[in-house]
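A.B. asks: heads up, no residue letters with this:
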């Protein structure tokens, strides 16, 4: 669980810096914005667990891996 939480935090920090999230291979990050737009980054090999983080702009970051 600690690893997926770190992936979520890294993605939230990337968004805050204006960068595109780049999850590790086999991981997926989904970003859900307040207006309902959802973007996915990475590819999910197999979901074992997921974690959430909030980006600086209020977007919900869901990491799955």
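C.D. replies: Good, I have the coordinates. Worth saying up front: this structure is predicted, and the values here are computed from it rather than measured.

A.B. asks: Confirm that residue 3 lies within a helix, as I assumed.
C.D. replies: Yes - applying DSSP: H, G, I helix; E, B strand; the rest coil, one finds residue 3 inside a helix.

A.B. asks: roughly how far apart are it and residue 63?
C.D. replies: Distance of residue 3 to residue 63, given as CB to CB, to the nearest Å: 9 Å. The way it works is simple: take the backbone N, C-alpha and C, and place the C-beta from them, glycine included.

A.B. asks: out of these two, which sits in the busier spot?
C.D. replies: Taking other CB atoms under 10 Å, residue 3 and residue 63 do not tie; residue 63 has more neighbours (28 against 14).

A.B. asks: State whether the more buried one is indeed within a strand.
C.D. replies: Yes - using three-state DSSP, the assignment for residue 63 is a strand.

A.B. asks: these two touch, right, it and residue 7?
C.D. replies: Yes - in this structure residue 63 lies within contact range of residue 7 using CB atoms under 8 Å: 4.1 Å.
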